[in-house]
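S.K.: Kindly generate the corresponding structure for this input.
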Amino acid sequence: MKNKKNILITGGAGFIGSNLALRLVEKGHKVTVMDNLSPQIHGADPETQSPLYQSIRNQVYFVRGDVTSVTDWQSVLPGQDVIVHLAAETGTGQSMYQIKHYTDVNIGGTALMLDLLAAGNGYAVRKVVVASSRAIYGEGKYIHSSGSVVYPSMRSTDNMRAGDFHVYTEDSREPLQSVPTDESSRLHPSSVYGITKLNQEQMVMTVCPALGIAPVAFRYQNVYGPGQSLRNPYTGILSIFSTQILNGLPISIFEDGEESRDFVFINDVVETTIAGIEMPEADGYAFNVGMGTSVTVMEVANQLINAFGLSVPCHITGDFRVGDIRHNRADITLLQQRLGITPQVSFRDGIIQFVEWVKTQEKPESRYDASIQEMKQKGLMK
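M.R.: Coordinates of the predicted model:
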């Protein structure tokens, strides 16, 4: 391959990272993966329990390391042309009571990487692609009936306790209308996770140009598909709901079930990220990566139940998590215009592929109720 690169993927044994690594190897790039193999994602014994790790084990140069460790970074940086920085703690709810841990890993790990690149140690890195998140937008972009654009703050806890989950301005009781959120929208995260992802993106986009390194940020929406962890009860409602269905357990729907998200299939995310690695047109830009459409949580549950062909009850609980947003839909115009990319896999088709993969896996134990109790004990589930 003419333009073969040495590419380091931090968090490369995770869902996005492992799929990206295998596709890059297929394209002829030389891939190094650094990952700490977190038990929450990979199980207590990744050697036998983690399909994600096993999928890349003999395909890449693997280093079990942590982004908070200077020596681990120093062991993987020499000779790299590109860093794809995916390593991060994820999960909105969990971030609200593990503040220091999320800050240490997401912000501290990124700062450490940039410190080392800035130290002039002869590293050959020419591009850093950072995994940002739609969480940096908070509630995102809305329209008032007057036609004015509004970027609302967090929803009122009192309203949500009363069963009103709509989004309002502070001085009006008229619900706002959600519209696609573009990259120029206000950045005001409503969770610690979102704060750390915004900080990651800002550091990379600010420091790298000063070092002669091209930065690219991808603001991933809700990524799903075959291979995502079925073990982690804190992230990924498709995995959480699937585990409940397979164990014959009821699905608990937060709020009123009408909250919505922009789901984007893993293959589309991988191909977009590769474009960011290979295309100079991406340099210096932050891109939304989503479908540009939204699906309600109730619709997610119903489509999964239908795809599995199993019957379990769905309970709308009225419960809510502090820091959760109401709606999410990305404006992907910049991605389409600058990189020529439009995600291809519809949610309906993606669900079918996801369910067919889940059926081939060992039935996971449900730890969802325990995670809910943990958040309630911390006062973050109402």
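
S.K.: Mind giving me the packing neighbours of whichever helix or strand Gln40 is part of?
M.R.: Using DSSP states H and E, Gln40 falls within helix 39-42. For helix 39-42, the helices and strands in contact under the criterion 3 or more Cβ pairs under 8 Å, 6 or more residues apart in numbering; DSSP states H and E are helix 51-56. To be clear about C-beta, it is placed using only N, CA and C from the backbone, and glycine gets the same treatment.

S.K.: Can you give me the buried ones in the helix holding Gln40?
M.R.: 40-42 (16 or more other Cβ atoms under 10 Å).

S.K.: List of residues touching it?
M.R.: The contact list for helix 39-42 (Cβ atoms under 8 Å, 6 or more residues apart in numbering) reads 13-14, 49-50, 52-53, 229, 231-232, 234.

S.K.: about what we covered before: can you tell me which of the buried residues of helix 39-42 lies nearest to Asp324?
M.R.: Using Cβ to Cβ, Gln40 comes nearest to Asp324 of these, at 19.8 Å.

S.K.: hang on, the earlier thing: hmm, which two among the contacts of helix 39-42 are most spread apart?
M.R.: Tyr53 and Tyr234 (19.3 Å).

S.K.: ok, the two, which is more surrounded?
M.R.: A direct count of neighbours by other Cβ atoms under 10 Å for Tyr53 and Tyr234 places Tyr53 higher, at 23 against 18.

S.K.: so Asn328 touches Thr181, yeah?
M.R.: Yes: in this structure Asn328 lies within contact range of Thr181 using Cβ atoms under 8 Å: 7.5 Å.

S.K.: Which neighbours do the two have in common?
M.R.: Common neighbours of Asn328 and Thr181 (Cβ under 8 Å, 6+ apart) are 134, 140.

S.K.: out of the two, which sits in the more crowded spot?
M.R.: Thr181 (26 against 23).

S.K.: For His327, see how far away that one is.
M.R.: Per Cβ to Cβ, to the nearest Å, Thr181 is found 9 Å from His327.

S.K.: just Leu335 next, same as before
M.R.: Applying Cβ to Cβ, the value for Leu335 to His327 is 20 Å.

S.K.: Please identify which of the two sits among more neighbours.
M.R.: For Leu335 versus His327, neighbours defined as other Cβ under 10 Å are more numerous around Leu335 (26 against 21).

S.K.: Break down the stretch 201-350 of the chain into its strands, ranges please.
M.R.: 214-220, 222-224, 251-253, 260-261, 263-265, 286-289, 295-296, 314-316 (DSSP state E, counting those that start in this stretch).

S.K.: what number of residues lie near Ile351?
M.R.: 23.

S.K.: before we move on, what about the one 4 residues further on?
M.R.: Val355 has 19 neighbouring residues, counting by other Cβ under 10 Å.

S.K.: gap between the two ends of stretch 343-362?
M.R.: 30 Å (Cα to Cα, to the nearest Å).

S.K.: Could I get the average pLDDT for that stretch?
M.R.: On average, the pLDDT along stretch 343-362 is 95.

S.K.: Tell me the buried residues in it?
M.R.: Buried, per 16+ other Cβ under 10 Å, within stretch 343-362: 343, 345, 347, 350-351, 353-355, 357-358.

S.K.: Please give me every residue in contact with Phe165.
M.R.: Contacts here follow Cβ under 8 Å, 6+ apart; on that basis Phe165 touches 155, 159, 255-256, 258-259, 320, 326.

S.K.: quick revisit: and of the contacts of helix 39-42, the nearest to Ser190?
M.R.: Relative to Ser190, the closest of those is Tyr234; by Cβ to Cβ it sits at 16.8 Å.

S.K.: Tell me, what's the model's pLDDT at that closest one?
M.R.: 58.

S.K.: With Thr293 instead?
M.R.: According to the prediction, Thr293 has pLDDT 96.

S.K.: For Arg261, see how far away it is.
M.R.: Separation of Thr293 from Arg261 (Cβ to Cβ): 10 Å.

S.K.: between those two, which one's more packed in?
M.R.: Neighbour totals were compared for Thr293 and Arg261, and Arg261 leads with 21 against 16 (other Cβ under 10 Å).

S.K.: Please name the bridge partners of the more buried one.
M.R.: Listed by DSSP bridges, the beta-bridge partners for Arg261 are Val295.

S.K.: wait, it sits on Ser294?
M.R.: Yes: if you go by Cβ under 8 Å, Arg261 and Ser294 touch, sitting 6.3 Å apart.

S.K.: so what sits against both of the two?
M.R.: By Cβ under 8 Å, 6+ apart, the residues touching both Arg261 and Ser294 are 327-328.

S.K.: For Ser191, see how far away the residue lying closest to Ser172 once chain neighbours are set aside is.
M.R.: Once flanking residues are discounted, Ser172 sits nearest to His144: 7.6 Å by Cβ to Cβ, 6 or more residues apart in numbering. His144 sits 24 Å away from Ser191, taking Cβ to Cβ as the criterion.

S.K.: One more: Ser50?
M.R.: For Ser50, the distance to Ser191 - Cβ to Cβ - is 27 Å.

S.K.: What of Arg231?
M.R.: 22 Å.

S.K.: Residues in contact with the helix or strand where Met113 lies: which ones?
M.R.: Here Met113, judged by DSSP H and E, is contained in helix 109-118. Outside of helix 109-118, the residues within contact range by Cβ under 8 Å, 6+ apart are 10, 66-68, 70, 73-74, 77, 83, 85, 87-88, 123, 125, 128, 130, 199-200, 203-204, 207-208, 211, 213.

S.K.: out of Arg231 and Ser191, which sits in the more crowded spot?
M.R.: The neighbour count for Arg231 versus Ser191, taken as other Cβ under 10 Å, is higher for Ser191 (25 against 18).

S.K.: The closest residue in space to that one that isn't next to it in sequence: what's it in contact with?
M.R.: Excluding the flanking residues, the one nearest Ser191 by Cβ to Cβ, 6+ apart is Gly323, at 3.7 Å. Counting by Cβ under 8 Å, 6+ apart, Gly323 touches 92-93, 95-96, 154, 190-194, 380.
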